[in-house]
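Enquirer: Everything below, folded, please.
(2 chains)
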Amino acid sequence: MLNPAVVKQSVQMSLQNIRSNKMRSFLTMLGIMIGVTSVIALITIVQIVSDSVMGEFSSLGAGTLTIMASSSPMKNGLTDNDIKELEAIDGIDGVSPTVSLTTASVVDGEVYENTSVEGKSDIYFMHDADIITGGRGLNHMDMSGDTYVCIVDPKYVKTAMLGHKVLGSEILIGGFRYTVVGVRGKDESMSSFMSDSSGLDGTVIIPYRNALSMTGSNDVNSAEVYVNPAYSMSDVEESIRNKLKNMYNENDDYYSVINLESMMDMMNSVQGMMGTMLGGIASIALLVGGIGIMNMMLTSVSERTKEIGLRKALGAEPSRIQAQFLIESVVLSVCGGIIGILFGLLIAFVAAKLLKTAFIISWGAVALGFGFSGAVGVIFGWMPAKRASELNPIDALRSE
Amino acid sequence: MEKTGEPILRMRGITKEYEMGEEVSVVLKGIDLDVYRGEFLAILGPSGSGKSTLMNIIGCLDVPTSGTYELNGKLIADEDEKSLAQIRNKEVGFIFQSFHLLQKQDAWSNVELPLIYANLPEKRRRERVEEMLTKVGLAEKMHHFPNQLSGGQQQRVAIARAIATEPTILLADEPTGALDQKTGAQVMELFHSLNSEGRTIIMITHDAKIASHAGRIVSILDGNICEGQLEDA
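Expert: You can find the predicted model right below:
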């Protein structure tokens, strides 16, 4: 029925028509272009942002639970004993306490007022082996409380030790000399991007007991829990909650367990909601674009009445006339769609550059843009094409 | 040519009425007409005589209110649009007063059009178009656009298009109406040579001089038809 020669000729003719009515075709395509541009740009940007947030979550949070334990009147935080008890829970591979503070550090007589000091245990480095790019991480021997070694992050190196030998040099923190034994890798995640822009001079990681003594407390307020992959996160989370409830004498105002995986689930559902919203915006834009197309096609049909009459006289069946005009409207709309896709990707590319995240072409969005513009062409071209196909050839030939 | 065998076109008691509000206007009042294969027939009549309506019915663009019309052995009655289109494509080659070429397509594509609608494969189409354009003397101007051709040349493109599908009849409506005398005569010459190759031509005109080129003339006046040329036409 749809002879390839007819399709080819129709496509050629519609391109000719678009060329010979540049302004009108451009204005007609504008609606579709804007609709597709916004859909592609928004979908791609949302995807890029959520990919990078997700990536960070999974690098930090896969198989990890975070415990936040603050001071209650009865209890300052997690004691060594508490941590041992938590480590004993089925399905827990290890518990890594974290002590964070901001203090001054001194390198070669230079003072750096805003140094972020993180107290970590050897378990942290066992579970994140990739985190060290030079030297070594903290090990079991460093945990005694009187070993003064530290790991620095690239920002600290840039701020305080540029041009120096890093490994083996000394940093004065809290009155003690710490020897640098390792360098942490630069991570490209969103949080490091944000801390890069914060006023901090960089991060120095020291054994957590040393950090605790700087805070003047024996208890930690935050810990990462590494869950054995063979166990369910939510089961382990439940066990931890029970244990904490016990430790805090049933008072659950002072602790919380954060499951990054459940936060990721939430992110996913937020992303889904955004998708639905974008769909709404897109359908309005495409509706407007579609009406423009219908308007142009109706004009085109009435301008070309004589041509339609001639084609009918030469033996074009109504369905062929309809197909011809349908093809024209699809070509028009898909042209707008292609331009929209290009613009949308360009906007997303610029946005990715501004956010300093990797630009990923979302092929799903591109396909969506194509599909939508094609569908708009068919839906809104249908009525004008039908009208053309129903013209009476005698009247059509006579029209001037 | 001899009138042999069954007529290729046969009309009996064809009437055509149009309802205009409450009034019914009768345009054709019972036309009987036989056309034989290889004939060159002129239908001569002034404007308003019903000759355009008759042409539309002959060309299967319209169907009669009553009467029977057979073209190439096929009864053209209440066909649907689709089958009428197919009949037009196969049986009728139209030649119009104002050529009706697609202005944005070159001579080649204009001639190709009915062959596309006939679903001819591309290779056959190419051969046919070339053959037809050569036949009408436009071998050198196959890729010219209508606005690059003279009126006579445009009408030749239209004739090439009309004969491309080897239709049963060529139906020409005032084919020289938009041409000067000289080019008109050339087009008539082309008609004669097509007729001598055995093609059946039906020409509708109001011009007795043009009609005299035909082998046979019928006159139409006030919806009635009669053999020969009327005195006052």
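Enquirer: what are the phi and psi values for A:G182?
Expert: Main-chain dihedrals, A:G182, degrees, to the nearest 10: phi -160, psi 160.
Enquirer: okay, now the spatially closest residue to it that is not a sequence neighbour: neighbour count?
Expert: Leaving out its chain neighbours, the residue that sits closest to A:G182 by C-beta to C-beta, 6 or more residues apart in numbering or on different chains is A:G135, at 3.4 Å. Glycine gets a C-beta too; all of them are placed from N, C-alpha and C. Neighbours of A:G135 under the rule other C-beta atoms under 10 Å in any protein chain shown: 16.
Enquirer: cool, B:P121 as well?
Expert: Count around B:P121 with other C-beta under 10 Å applied: 10.
Enquirer: Helices along chain B, start to end?
Expert: For chain B, applying DSSP state H gives helices covering B:51-58, B:81-91, B:107-117, B:122-135, B:151-163, B:181-196, B:208-211.
Enquirer: So for A:E87, which of these sits nearest?
Expert: helix B:122-135 (78.2 Å; C-beta to C-beta).
Enquirer: Enumerate the positions of that closest one that are buried.
Expert: B:R125, B:R128, B:V129, B:M132, B:L133, B:K135 (16 or more other C-beta atoms under 10 Å in any protein chain shown).
Enquirer: Those residues of the stretch 151-300 of chain A touching chain B, which are they?
Expert: Listed as neighbours of chain B in the stretch 151-300 of chain A under the rule C-beta under 8 Å from any C-beta of the partner chain: no residues.
Enquirer: before we move on, back to that, in a markdown table: the helices of chain B, plus distance to chain A.
Expert: Listed next are the helices of chain B as a markdown table, based on distance: least, C-beta to the nearest C-beta, whole Å:
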| stretch | distance to chain A |
| --- | --- |
| helix B:51-58 | 5 |
| helix B:81-91 | 2 |
| helix B:107-117 | 4 |
| helix B:122-135 | 6 |
| helix B:151-163 | 7 |
| helix B:181-196 | 18 |
| helix B:208-211 | 21 |
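Enquirer: can you list those in JSON lines and add mean pLDDT?
Expert: JSON lines is the format used below for the helices of chain B (pLDDT from 0 to 100):
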{"stretch": "helix B:51-58", "mean pLDDT": "92"}
{"stretch": "helix B:81-91", "mean pLDDT": "93"}
{"stretch": "helix B:107-117", "mean pLDDT": "93"}
{"stretch": "helix B:122-135", "mean pLDDT": "94"}
{"stretch": "helix B:151-163", "mean pLDDT": "95"}
{"stretch": "helix B:181-196", "mean pLDDT": "93"}
{"stretch": "helix B:208-211", "mean pLDDT": "91"}
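Enquirer: how about those helices in TSV, adding distance to B:G30?
Expert: Below are the helices of chain B laid out as TSV (distance: least, C-beta to C-beta, whole Å):
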stretch	distance to B:G30
helix B:51-58	12
helix B:81-91	23
helix B:107-117	33
helix B:122-135	38
helix B:151-163	29
helix B:181-196	29
helix B:208-211	22
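Enquirer: Out of those helices, which gets nearest to A:P154?
Expert: Nearest to A:P154 among these is helix B:122-135 (65.7 Å), distances taken as C-beta to C-beta.
Enquirer: Need the residues that contact that closest one.
Expert: If you take C-beta atoms under 8 Å, 6 or more residues apart in numbering or on different chains as the criterion, helix B:122-135 is touched by A:5, B:107-108, B:111-112, B:115-116, B:120, B:139, B:141-142, B:157, B:160-161, B:163-164.
Enquirer: again, only this time at 6 Å
Expert: By C-beta atoms under 6 Å, 6 or more residues apart in numbering or on different chains, the residues outside helix B:122-135 that reach it are B:W108, B:V111, B:E112, B:L115, B:M142, B:A160, B:A164.
Enquirer: Distance from the chain centre to that helix, please.
Expert: Remark: helix B:122-135 is offset 21 Å from the chain centroid, using C-alpha atoms, centre = their mean, to the nearest Å.
Enquirer: cool, and stretch A:153-163?
Expert: Centroid separation between stretch A:153-163 and its chain, computed with C-alpha atoms, centre = their mean, is 29 Å.
Enquirer: The residue most central in space within chain B bridge partners, please.
Expert: In chain B, the C-alpha closest to the average C-alpha coordinate belongs to B:L171, at a distance of 0.9 Å (C-alpha atoms, centre = their mean). Beta-bridge partners recorded for B:L171 (DSSP bridges): B:F94, B:I202.
Enquirer: so it sits right up against B:T200, yeah?
Expert: No - look at B:L171 against B:T200 with C-beta atoms under 6 Å: they stay out of range, at 9.6 Å.
Enquirer: before we move on, back to that, which among the helices of chain B is found nearest to A:E85?
Expert: Nearest to A:E85, of these and by C-beta to C-beta, is helix B:122-135 at 83.0 Å.
Enquirer: what does the stretch 1-150 of chain A have sitting close to chain B?
Expert: Neighbours of chain B within the stretch 1-150 of chain A, by C-beta under 6 Å from any C-beta of the partner chain: A:N3, A:A5, A:V6, A:Q16.
Enquirer: what two of the residues you listed are the furthest from one another?
Expert: Spatially, the most separated pair among the residues of the stretch 1-150 of chain A next to chain B is A:N3 and A:Q16, at 19.2 Å (C-beta to C-beta).
Enquirer: picking up where we left off before, just the buried ones from the residues of the stretch 1-150 of chain A next to chain B, in PyMOL syntax?
Expert: With 16+ other C-beta under 10 Å as the burial test, the buried ones among those are selected in PyMOL as follows:
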select buried, chain A and resi 3+5+6
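Enquirer: The residues of the stretch 1-150 of chain A next to chain B into a markdown table, with extra columns for distance to A:A358 and secondary structure?
Expert: Output for the residues of the stretch 1-150 of chain A next to chain B, formatted as a markdown table (distance: C-beta to C-beta, whole Å; DSSP: H, G, I helix; E, B strand; the rest coil):
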| residue | distance to A:A358 | secondary structure |
| --- | --- | --- |
| A:N3 | 46 | coil |
| A:A5 | 46 | helix |
| A:V6 | 45 | helix |
| A:Q16 | 42 | helix |
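Enquirer: could you dump the residues of the stretch 1-150 of chain A next to chain B to CSV with pLDDT?
Expert: Below are the residues of the stretch 1-150 of chain A next to chain B laid out as CSV (pLDDT from 0 to 100):
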residue, pLDDT
A:N3, 70
A:A5, 74
A:V6, 74
A:Q16, 78
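Enquirer: what would the residues of the stretch 1-150 of chain A next to chain B look like in CSV with distance to B:K182?
Expert: CSV is the format used below for these (distance: C-beta to C-beta, whole Å):
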residue, distance to B:K182
A:N3, 40
A:A5, 37
A:V6, 38
A:Q16, 34
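Enquirer: residue in chain A nearest to chain B?
Expert: Closest to chain B within chain A is A:G315: 2.3 Å, counting by C-beta to the nearest C-beta.
Enquirer: Report the contact partners of B:I201.
Expert: Contact partners of B:I201, counting by C-beta under 6 Å, 6+ apart, are B:F40, B:L170, B:F191, B:N195.
Enquirer: Kindly state the pLDDT recorded for the first one?
Expert: Okay, so that is B:F40. On the pLDDT scale, B:F40 is placed at 95.
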